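Engineer: Model the structure of this input:
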Amino acid sequence: MTYLFIYTCFAILFFICCTFAQQCDQPKKTARFNCHPESSASSEECLARNCCWQPTMDESFDDDIPSCYYPRDFPIYQIKSSEATSFGQRLIIIKQQSTYMPNEILNLTVDLFFETTQRFRLRIYDSKNKRFEVPLQVPPIQTKVNVTDYEVSITQIPFAILIKRKSTDVILFDSSVSPLIYADQFIRFSSSLSSPYLYGLGEHRQQLLINITNEWKKYTFWTRDTPPVENNNLYGVHPFHINLEMNNDTSVNFHGQFFLNSNAMDIDLQPLPAITYITTGGIIDMYLFTGPTADDVIQQYWDVIGKPTIPPYWSLGFHLCRYGYNSIDNLRAVIKRMNDAQFPYDVQWTDIDAMSSLLDFTYDKIKFNGLPDLVRSLKSDGKHYVNIIDPGISSTQPSGSYPPYDDGLKRGIFITKFNSTEPIIGKVWPGLTAFPDFTNENAVEWWTSTAGTFQEIIPFDGIWIDMNEPSNFVDGSHDGCTNNSLDHPPFVPHVLGGSLYTKTVCPSAQHKLSSHYNLHNMYGYFEARATNLALKAIRQKRPFVLSRSSFAGSGQYTAHWTGDNKSTFEDMYFSIPALLSFNMFGVTNVGADICGFRSDTTEELCTRWMQLGAFYPFMRNHNAGKDQDPAVFSWTAQQIMKQAVLLRYSLTPFWYTLHYQAAVLSRTLIQPLHFEFPNDENTLGIDQQFLIGRAILVSPNLVANTTTVHAYIPQNVWYQYPSGVKVDDVGVFVNLDAPLDKINVHIRGGFIIPMQIPGDNLMLTRENPFTFLVALSSFENATGTLFWDDGDSIEMKIYNYFELSCVANILTINGTVLNYRDLPMRLELVRILGVTQTITNVIVNGKEYVDFFYNISDQILVIYALDLDMIAQTIQTIQWT
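Structural biologist: Next up is the predicted model:
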């Protein structure tokens, strides 16, 4: 025992000497950067990497503080040369010795792009060998901008970059906090954060605000088919975040970072605060957006990845789908039930159960006999139809019997095995399947031809692309994967399942552009692009695509839904931060499966969810359990749901204008309260309420068996909807009455909301008269806009655009563009909220008008029966005194 004690003492002494010889003294545990990001670090593994090993027990941070962390004298890069360029600056940096990852690259080129006043780009890549880069079309900037609101400083030894905001001196980026490691399959770099408050980093199920004040967080990015649960990598990859800057004068600025990389990665956050990116390939390609508002950051981000597409007008209506109709009779029964209930809806969908043997581009001619005629009947009633197509193409049908596979094989458009021309075979719904390579332009032609042939049979209006992570029911392939480093890299991020080929295609599989290892996260992006192009070619109309998987820039081509959620109140809540985040990501046309996809809903839950879903950008009720279409519930529940949908339909001109502004002006459709009221600390982290177009505040009831909502009403002028009564208590949290038949909606002063009298579906509603809801601000003014076209043209060249303003008791309707005249645009009613003086006289276009009334107690003026031709002249006015 004595010898054991002496040995232990010597071991401890040796460990302490080695540790401090490595400069491991780090007084702030939050400043430790993890040197062993793999699970289950040991002292032997840590010291073998020449890192510091100091286990700690700190109750304030759970067990997340790394025991293995980088010493201050860890090998570093230093600047070898520097030269000015037309775009900014180019550096060559070198490292004298390799560290712990194989195939480390010791000679790197660093390009500093001063792209715009508010946008900076950093690229670090191998000086000698070309590496994979994300095939995303970004703005090619070759000339340095003269004036920036950021200042960039370079440290030579060790190489580091520091970026500050000039106006406040706040640090936006500082890479000196931790070593840069740049190996072939392991790239790691860090930066300090301006505050512990972030938004973004999707797709993950989480609260809207990421708060790392007292918490370490890890986010993994590798597209995966899995129901949305917390702490898992999910369907999409969006390595973009917005960081708050808390200024000394209590004001708030925002800036953003976008890591343009499509490889598997982890992003670690720690309460220093700091962020660490670890990716398994590609290059470092980082954008910094300086805002300074959250809206500015988002616009600057979209300038890089592309603006969202404007959807066809009909797609803004209510969509109905179910996995499990199972027969044409059941589908007809649902449609009849909805019609008998006089329930408004626009789009009927079918899931894979309508296919023949689960084969893409088919329908079951026995169970769904008559489906083509049913679709044509729906279309004759002004409705539309969307069907599902999965990427997995059956490879086992008799030769010559299944053209999608036969033709695809002839064209050579499938993803192939490693070092082979043979398609890699996985397993999805129809059994053994091949996977189209949508990076191959021949695949786009094949996809278009195949979908076009099917469209001649069933005249679908949109395509739903599911399972496109891509999902695979076997790991890698039917024959397994290789033993090479693509399938078994030296570092695997913390992906669900533990390997990069779990329930997907082998990373070593080959696309035309590169390996699946590099392109996996973009599979849904390229399929959405191909489907968008196919629909344009087939229908010669504006395409509607719904994709489960997404990547930065997917919003240019597709809408998105949040996947296989569950019928719970918790899932209903999580839909709100998800939709707000995807609006930041540029996928603005987004929704969740209303009432829940998995498990059976309840009448209370479905009623509440239909009320909330009426304010989703994309509104679809879809499930896999028992019937949950609105008409299946009690008469009372039906009426509540119907009123929610009719309210949505009345707001469709407002929604459509928001989509236009997103596509043209880079504005989100829905916003968190904090983005609109950043200097109000009460709004920080609110994600059970949201704003639509900055003008409509939605405060849903998200808790079962309750009749009140605890909500925040920001400091501003607000009016209750539909009563129009002005809210007295603002800038405070309040308890709002929320019985089952009510969702709390407030209209913000200073906005004009264009509306329309609703009908049974949007195609019928389009010919109905318009109404304007004018909500006066504290200065008794308001503004708004209205965009209007045929709702289906690919090129938006023929349209009407109105600028609406209300100043000094005069509402001005200014038709700045008036070249769409296929349908009449008549204004029937104007409702003005917050009119403080009694009104006795109204003048319309210079003529006295008598059809109005003024509610003294509620201060509401209603001017009705106008029948005003909105496109008759450029400027029209309505005045009251």
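Engineer: before we move on, what SS does the residue nearest to the spatial centre of the chain have?
Structural biologist: A centroid search over the chain (C-alpha atoms, centre = their mean) returns residue 582, at 1.9 Å, as the residue closest to the centre. The assignment at residue 582 comes out as helix when based on DSSP: H, G, I helix; E, B strand; the rest coil.
Engineer: Beta-bridge partners for the closest residue to it other than its chain neighbours, please?
Structural biologist: In this structure, residue 582 finds its nearest non-sequential neighbour in residue 590, 4.3 Å apart by C-beta to C-beta, 6 or more residues apart in numbering. All C-beta atoms are positioned from the backbone trio N, CA, C, and that covers glycine. With DSSP bridges as the criterion, residue 590 is bridged to residue 560.
Engineer: What ranges does the stretch 201-350 of the chain have for its strands?
Structural biologist: Ranges of strands within the stretch 201-350 of the chain are 210-211, 217-221, 236-246, 252-259, 265-270, 274-279, 284-289, 318-322, 347-350, based on DSSP state E, counting those that start in this stretch.
Engineer: so can I have TSV of these showing distance to residue 461 and mean pLDDT?
Structural biologist: Formatted as TSV, the strands of the stretch 201-350 of the chain follow (distance: least, C-beta to C-beta, whole Å; pLDDT from 0 to 100):
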stretch	distance to residue 461	mean pLDDT
strand 210-211	38	98
strand 217-221	33	98
strand 236-246	24	97
strand 252-259	34	98
strand 265-270	37	98
strand 274-279	39	98
strand 284-289	36	98
strand 318-322	11	98
strand 347-350	8	98
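Engineer: and residue 655, which of these is closest to it?
Structural biologist: strand 318-322 (12.4 Å; C-beta to C-beta).
Engineer: who does that closest one pair up with?
Structural biologist: strand 347-350 (parallel), strand 619-623 (parallel).
Engineer: Restrict the longest one to CA atoms and write it as PDB.
Structural biologist: Spelled out, it's strand 619-623. Extracted in PDB, the C-alpha atoms of strand 619-623 (Å, rounded to 0.1, in the frame of the first residue of the first chain):
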ATOM      1  CA  MET A 619     -51.900  25.900 -43.800                       C
ATOM      2  CA  ARG A 620     -52.300  22.100 -44.100                       C
ATOM      3  CA  ASN A 621     -54.200  19.600 -41.900                       C
ATOM      4  CA  HIS A 622     -52.400  16.200 -42.400                       C
ATOM      5  CA  ASN A 623     -52.200  13.100 -40.300                       C
END
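Engineer: Give the buried residues for the helix or strand that it is followed by.
Structural biologist: Along the chain past strand 619-623, the next helix or strand (assigned with DSSP states H and E) turns out to be helix 635-650. Under the neighbour-count criterion of 16 or more other C-beta atoms under 10 Å, helix 635-650 has 637-638, 640-650 buried.
Engineer: how distant is helix 635-650 from the center of its chain?
Structural biologist: On the basis of C-alpha atoms, centre = their mean, to the nearest Å, helix 635-650 is displaced by 27 Å from the centre of the chain it belongs to.
Engineer: Please read off the pLDDT at residue 6 from the model.
Structural biologist: On the pLDDT scale, residue 6 is placed at 40.
Engineer: Please, which helix or strand holds the spatially closest residue to residue 725 that is not a sequence neighbour?
Structural biologist: In this structure, residue 725 finds its nearest non-sequential neighbour in residue 858, 5.3 Å apart by C-beta to C-beta, 6+ apart. Using DSSP H and E, residue 858 maps to neither a helix nor a strand.
Engineer: distance of residue 858 from residue 526?
Structural biologist: 54 Å (C-beta to C-beta, to the nearest Å).
Engineer: Those two: who's more crowded?
Structural biologist: Neighbours per residue (other C-beta atoms under 10 Å) separate residue 858 from residue 526, with residue 526 holding more: 24 against 16.
Engineer: Once you drop chain neighbours, what's closest to that one?
Structural biologist: residue 438 (3.7 Å).
Engineer: Now tabulate the strands paired with strand 318-322 in TSV and tack on mean neighbour count.
Structural biologist: What follows is the strands paired with strand 318-322, written out as TSV (neighbours: other C-beta atoms under 10 Å):
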stretch	mean neighbour count
strand 347-350	24
strand 619-623	25
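Engineer: Turn these into JSON lines, columns for distance to residue 321.
Structural biologist: Shown next, in JSON lines, are the strands paired with strand 318-322 (distance: least, C-beta to C-beta, whole Å):
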{"stretch": "strand 347-350", "distance to residue 321": "3"}
{"stretch": "strand 619-623", "distance to residue 321": "4"}
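Engineer: closest to residue 214 out of these?
Structural biologist: Per C-beta to C-beta, nearest to residue 214 of the strands paired with strand 318-322: strand 619-623, 38.0 Å.
Engineer: now the angle from that closest one to helix 635-650?
Structural biologist: Interaxial angle, strand 619-623 versus helix 635-650 (axes from the mean of the first three to the mean of the last three C-alpha atoms, to 10 degrees): 140 degrees.
Engineer: Give me the average confidence score over strand 619-623.
Structural biologist: Rounded mean pLDDT across strand 619-623 is 98.
Engineer: Can you tell me what sits against it?
Structural biologist: Residues outside strand 619-623 that contact it (C-beta atoms under 8 Å, 6 or more residues apart in numbering): 316-323, 347, 349, 561, 567, 591, 593-598, 601, 610, 613, 628-630, 645, 648.
Engineer: Kindly recompute the last result at 7 Å.
Structural biologist: 318-322, 561, 591, 593-597, 613, 628-629, 648 (C-beta atoms under 7 Å, 6 or more residues apart in numbering).
Engineer: Which helix or strand contains residue 570?
Structural biologist: Secondary structure from DSSP H and E places residue 570 in helix 569-584.
Engineer: and what of residue 518?
Structural biologist: helix 516-519.
Engineer: Using PDB, write out every CA atom in that helix.
Structural biologist: Taking Å, rounded to 0.1, in the frame of the first residue of the first chain, the C-alpha atoms of helix 516-519 are listed here in PDB:
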ATOM      1  CA  HIS A 516     -22.600  12.100 -51.200                       C
ATOM      2  CA  TYR A 517     -20.200  12.800 -48.300                       C
ATOM      3  CA  ASN A 518     -20.100  16.400 -49.500                       C
ATOM      4  CA  LEU A 519     -23.700  16.700 -51.000                       C
END
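Engineer: and that helix, which residues are buried?
Structural biologist: Residues of helix 516-519 classed as buried by neighbour count (16+ other C-beta under 10 Å): 516-519.
Engineer: got it, and stretch 684-693?
Structural biologist: Quick answer for stretch 684-693 (16+ other C-beta under 10 Å): 684-693.
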